[in-house]
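In: sharing a model that was predicted from the sequence below.
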Amino acid sequence: MRNCFSKIQDLVVLTLQGAQKLIMNDKHCFELYGFDVLLDDNLKPWLLEVNGSPSMTANTEQDAQLKCNLLDDVFTILDLEKM
């Protein structure tokens, strides 16, 4: 499984490097990208699309938990305390 996640990380990094000239470069803000990745039977990741404005609307309780955890990670990276 670790190999699968490493391949997904490589896929994300290579995609961002390929679009580097299109990505906003402002030190006073950030962008959140949503990567849709499909795993085949051999756990090989395939990039389906990249969303520049991913939806943060939750459809299920699991989806809500996932997105809350994502936002918590973003706030941790930005070094913002919970309200």
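Out: Good, I have the coordinates. Numbers count the residues shown, from 1 in each chain.

In: now the strands: where do they sit in the protein?
Out: 34-39, 45-51 (DSSP state E).

In: residue 65: which of those is closest?
Out: Minimum separation from residue 65 across the strands of the chain (CB to CB) falls at strand 34-39, 16.7 Å. For the C-beta atoms, the positions are set from N, CA and C on the backbone; glycine is no exception.

In: buried residues in that closest one?
Out: residue 35 (16 or more other CB atoms under 10 Å).

In: follow-up on the earlier one: tabulate the strands of the chain (JSON lines), appending distance to residue 59 and mean pLDDT.
Out: Shown next, in JSON lines, are the strands of the chain (distance: least, CB to CB, whole Å; pLDDT from 0 to 100):
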{"stretch": "strand 34-39", "distance to residue 59": "14", "mean pLDDT": "95"}
{"stretch": "strand 45-51", "distance to residue 59": "16", "mean pLDDT": "96"}
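
In: possible to save these as TSV with distance to residue 8?
Out: TSV is the format used below for these (distance: least, CB to CB, whole Å):
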stretch	distance to residue 8
strand 34-39	6
strand 45-51	5
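
In: out of the ones you listed, the one nearest residue 17 is which?
Out: That would be, of the strands of the chain and by CB to CB, strand 45-51, which comes in at 12.6 Å.

In: by how many degrees do the closest one and strand 34-39 diverge?
Out: 160 degrees (axes from the mean of the first three to the mean of the last three CA atoms, to 10 degrees).

In: what's strand 45-51 packed up against?
Out: helix 2-18, strand 34-39 (3 or more CB pairs under 8 Å, 6 or more residues apart in numbering; DSSP states H and E).
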